[in-house]
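> Provide a 3D model corresponding to the input given below.
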Amino acid sequence: MTTITETMARNHRHCDELFAEAEELISQGDWVQGRDKFEAFRDTTENHFTMEEGVLFPGFEQRTGQTMGPTQMMRMEHAQMRQLMADMEAAVAHEDDERYLGLSETMMMVMQQHNMKEEQMLYPMTDQAFAGDAEATLQEMKML
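All right, here's what the predicted structure looks like:
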């Protein structure tokens, strides 16, 4: 049986790969492919947030009664990353590599800290809270 932790951590790695590829292409001045990779990163990351905010977090909160705990912090960090992605998108639109690379450095730090909190704390808590419902929850998240 696949756990929520395994599935969502694997999704984090996919987002990380797209992020690194976009950064590499943009640092080389390849704006065409860099823009495409950035958009793939942005869209994949937004889908990840949607799965968490639309299914995982509400289900966890309902099962545990914790509404102001870790899920609230993760939502706040999602908002911070969404703002960074919007700023990065503007830098891509203006082909401003210096701005993009500065923002990407900040994004990398925020993502690493965020992912570590989810993978080491929140996801294992969700695996416990969802127990036998994990497979159904993962399927519901894929539908978003």
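> residue ranges for the helices of this protein, please.
Assigned by DSSP state H, the chain shows helices spanning 4-27, 31-51, 57-64, 70-93, 97-117, 123-130, 134-142.
> centroid residue for the chain?
With distances taken as CA atoms, centre = their mean, the chain has Thr45 as the residue nearest its mean C-alpha position (4.3 Å).
> Report the contact partners of that one.
By CB atoms under 8 Å, 6 or more residues apart in numbering, Thr45 lies in contact with Cys15, Phe19, Met81, Met85. Yep, even glycine has a C-beta here, placed from its N, CA and C like the rest.
> Sketch out the low-pLDDT regions of this structure for me.
Applying pLDDT under 70 to the chain picks out residues 1.
> Show the contacting residues for the residue at the greatest distance from the centre of the chain.
Of all residues in the chain, Gly29 has its C-alpha farthest from the mean position, at 25.5 Å, by CA atoms, centre = their mean. Contacts for Gly29 (CB under 8 Å, 6+ apart) come out as Asp97.
> measure it to Tyr100 for me?
11 Å (CB to CB, to the nearest Å).
> And for Ala86?
With CB to CB as the criterion, Ala86 and Tyr100 are 12 Å apart.
> which of those two has more neighbours?
Using other CB atoms under 10 Å as the criterion, Ala86 and Tyr100 rank with Tyr100 on top: 25 against 12.
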